[in-house]
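Undergrad: Predicted model, plus sequence, below.
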Amino acid sequence: MKAARAKTPRRPALKKASPPGPKDPVGVYCRVRPLSCPDQECCIEVINESTVQIHPPDGYRIFRNGEYRETQYSFKEVFGTLVAQKELFDVVAKPLVEDLIRGKNGLLFTYGVTGSGKTHTMTGSPGDGGLLPRCLAMIFNSIGPFQAKRFVFKLDDKNGVDVQCEVDALLERQKRDATPVPKTSGNRRQVDPEFADMINVQDHCKVEEVDEDNVYSVFVSYIEIYNNYIYDLLEETSFDLIKPKPPQSKMLREDQNHNMYVMGCTEVEVKSTEEAFEVFWKGQKKRRIANTQLNRESSRSHGVFMIKLAQAPLDADGDNVLQEREQITLSQLSLVDLAGSERTNRTKAEGNRLREAGNINQSLMTLRTCIEVLRENQKYGTNKMVPYRDSKLTHLFKNYFDGEGKVRMIVCVNPKAEDYEESLQVMRFAEMTQEVEVARPVDRPLCGLTPGRRFRNQAFREELARKLEIRGGPINEETEEQSASEILLQNFPPLPSCELLDINDDQTLPKLIEVLEERHKLRQKLSEEFARNVLTFRTALRELDSNIMSKENYVQGKLSEKEKIITGQKAELEHLEKKIKTLEYKVEILEKTATIYEEDKRHLQQELESKSQKLQRQVSDKRRLEARLQGMVAETTTKWEKECERRVAAKQLEMQNKLWVKDEKLKQLKAIVTESKSEKPERPSRERDREKPIQRSVSPPPVPVPNSQRLVSNQQVHRRSNSCSSISVASCVMEWEQKTPSHKHTGGNSKTRTRQQEPGQSRDCNTSDRRRGMCWTGITEVPKRRDELEIEEDQCCRGDVFKTRGGGQAVQFTEIETLKQESPTGRKRRSSPSNADPPEDAADSEWTDVETRCSVAVEMRAGSTLGPGYQHHAQPKRRKP
Ligand code: ADP
Ligand code: MG
């Protein structure tokens, strides 16, 4: 059978741009190693599980201008001096191994100054295995029972992997066994005691959920990058101790998937942790020898240990590997122990060594530059070219940064004072590295075959063996490596040399014939055994067939039963689907209706809002109007109340006066009557009347009114309206009498100035009074004698008194009121047309005296606030002399 030569599609072809999808930052961890001597000065402290603090050593301050700065650096996790290898492995490397088994790539490197513990971390020390042996142990713990036989997977020299059929693999295995070249044992009992305690990993940690229907094979390779050259540490070369030849360097190549690989690099298939570590140890030894023999600075090279895991699914029977190229996955985990990151001058390198150191630094510098550019590109979206090609180290791992995979870095630091400056550099670089992101690897697609194939096949085999045992047939005791035929093949006598160098050689051919005959016999034996086996197998197969037939019948019955159920369920499903469709249609309609209603609702809400706004406006308008109207009503009410009160008071007074006049008349009448009765009635002369003090009956005191009312009446005196057509004499007399003292007091033309105060208003309201135009009012009387005998006319000037700015007072005349008075000596009395009682006067002329004394003439100018003018015939003293 021909082997299916399948190229592993490791990763999709990479384009220039990094692949889309989720990305993870480079995981950077920090490990602080313990001081070699406890007395040493320490300049690094672990602050917490993710922060370290570095401070300059004591002497450092003196040299650097007294500058003293403590710097803190944060990493994904910081491991202190007491942290064990296992703890570190669990956090840092375990996820990488898990990824490897799931077909994803990973890169783990240790970075730091020489002596900071890089090798200790990666490889470990005797009795304390590092990450590398632990990774190997975990891999084999996980895939152990599912490993493919040796040579089933075959790596080609172009970074691809082939899968071979069993026969080809078997032949290759035989060839390998026949070669005299020392091979790794793969046997646990033969572990080299040199490293036995390094791989004695007790914790059997393994990956959960390993795909058991896959077969796996592990390949390891170990290269060294020294002086920007790649050397294969596993290459079998004869080493000339006397005149050592420089080792041949290897070339870097890019495969069809743009992945980098070392061309012609030895890749050893390993089947156990011990075997894998043995291979590594061999490489490590070679590295050490090269260092000593070629006078190289140790720890000046980068060691790259690569673990490749090939996996392919089992076929449908669960028996052999599926011979399909698309189904093979090759994942890789690279463990890199970088060279010391210190500067050249520190190691005092000379000549050749300086060049080496320079190159080493150059490659680390390139790594730094690449990381920086990557970070910049990712952070700012720039598209600068990353100089991967500037060094072999970066060129080899460019796919990890450009493509996908998990990248982790362990920064190793030695807290001793001498390393302070170098450690600072290391920390800075490491912190920056964390900002670089790498595309997360995607899960590989499933093969599409039924899971559980391996166990079904195993169960079948066991069953078969049991059956054969019962029948007494040969038990298939074939083990992986030790089948009967294999043993036979191994025991074939080796062919002697077939070269006939001498014509007389009569030994070679007979020897060959002998060996061939022997082989022929063995072959016959094998053929017989094979025929026997075939027979047994055929019988077993037939039996199995019949067994299967009966089982099939049973299964068929069950199947038809199930089919019936399925048909019923299908019908039900159809019915439900129809129902769903109807409901969906209904839902659609309802949704549409709901949308329409929503629209309506929105419109109506808008309308409502606008209307409510309008209403609010109207309400506020109304309120304003109401307030205004209320104000007006209140004003008008007060005005009218005052007016009414004034009129009532005036009417009261008038009525009282009338009453009083009538009383007076009655009294006089009575006196006349009594006089005429007692003596001859004599008409009293006016002269006498004048001489005699007038015996006036005292008018009744004004009706007691409340304070406010009185004030109202006072006000009325000055705020008389034209409508006030009649007013009693008594009121005028009273008013006049009230004013008289002030007349006397002021004398002359200046008249009393009284502050007119509105009822209920305090004197503090001066300002507001003035504002309203209710100012000091005064009456200025300017008497003018026109006719001494008959008519006296008084002019009262009325005006407002203002307070001037200078503090004085100013009078502004507003109107003139004329008071007319008829001379008492006049023969005729001019009665005012507005006389209150003209009919009485006209009718009763005989009461002239009384009239003379009491009659009233009211004259009033339009707009006068003083009230009706008055004449008092009996009081000439009002006139000025
Ligand atoms: P590097 O590889 O960085 O040059 P090494 O790993 O060779 O440094 O370490 C130098 C020495 O320090 C070794 O002897 C190693 O055993 C010791 N060492 C380093 N790290 C630790 C640690 N974490 N615990 C104990 N010893 C350590
Ligand atoms: Mg080292």
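TA: Alright, I've got the coordinates. Ligands and ions are numbered 1, 2, ... in the order given.

Undergrad: quick one: which helix or strand includes whichever residue of the stretch 601-750 of the chain sits closest to ligand 2?
TA: Ranked by CB to the ion, the top residue of the stretch 601-750 of the chain for proximity to ligand 2 is residue 602, at 75.0 Å. For glycine as for every other residue, the C-beta is placed from the backbone atoms N, C-alpha and C. Element membership for residue 602 (DSSP states H and E) is helix 508-678.

Undergrad: Show me what residue 216 is bridged to.
TA: residue 147, residue 311 (DSSP bridges).

Undergrad: Repeat that for the one 4 residues further on.
TA: With DSSP bridges as the criterion, the beta-bridge partners of residue 220 are residue 268, residue 307.

Undergrad: coming back round to it: so what does the helix holding residue 602 touch, helix or strand wise?
TA: Packing partners of helix 508-678 (3 or more CB pairs under 8 Å, 6 or more residues apart in numbering; DSSP states H and E): helix 453-471, helix 484-490, helix 707-718, helix 729-746, helix 848-854.

Undergrad: try it again with 10 Å
TA: For helix 508-678, the packing partners by 3 or more CB pairs under 10 Å, 6 or more residues apart in numbering; DSSP states H and E come out as helix 453-471, helix 484-490, helix 707-718, helix 729-746, helix 838-843, helix 848-854.

Undergrad: secondary structure element for the residue in the chain that ligand 2 sits nearest to?
TA: Proximity of the chain to ligand 2 (CB to the ion) peaks at residue 119, 3.2 Å away. Under the criterion of DSSP H and E, residue 119 resides in helix 118-122.

Undergrad: Nearest spatial neighbour of the residue in the stretch 51-200 of the chain positioned nearest to ligand 1, chain-adjacent residues omitted?
TA: Taking CB to the nearest ligand atom as the measure, the stretch 51-200 of the chain has residue 117 as its residue closest to ligand 1, at 2.7 Å. Nearest non-adjacent residue to residue 117, counting by CB to CB, 6 or more residues apart in numbering: residue 33, 3.9 Å away.

Undergrad: Who are the contact partners of the one you found?
TA: Applying CB atoms under 10 Å, 6 or more residues apart in numbering to residue 33 gives the contacts 44, 79-81, 83, 112, 115-118, 120-121, 412-416.

Undergrad: how about 8 Å then?
TA: 81, 116-117, 120, 412-415 (CB atoms under 8 Å, 6 or more residues apart in numbering).

Undergrad: what's the answer for residue 158, then?
TA: With CB under 8 Å, 6+ apart, residue 158 has these contacts: 7, 253, 255-256, 261.

Undergrad: Adding neighbour count, write those residues out as JSON lines.
TA: Converted to JSON lines, those look like this (neighbours: other CB atoms under 10 Å):
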{"residue": "7", "neighbour count": "18"}
{"residue": "253", "neighbour count": "15"}
{"residue": "255", "neighbour count": "18"}
{"residue": "256", "neighbour count": "12"}
{"residue": "261", "neighbour count": "23"}
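
Undergrad: Can you tell me how far residue 300 is from ligand 1?
TA: 10 Å (CB to the nearest ligand atom, to the nearest Å).

Undergrad: Number of residues surrounding that residue?
TA: By other CB atoms under 10 Å, 20 other residues sit near residue 300.

Undergrad: Likewise for residue 84?
TA: Count around residue 84 with other CB under 10 Å applied: 10.

Undergrad: What score does it have for pLDDT?
TA: If you check residue 84, the pLDDT there is 92.

Undergrad: cool, residue 178 as well?
TA: 75.
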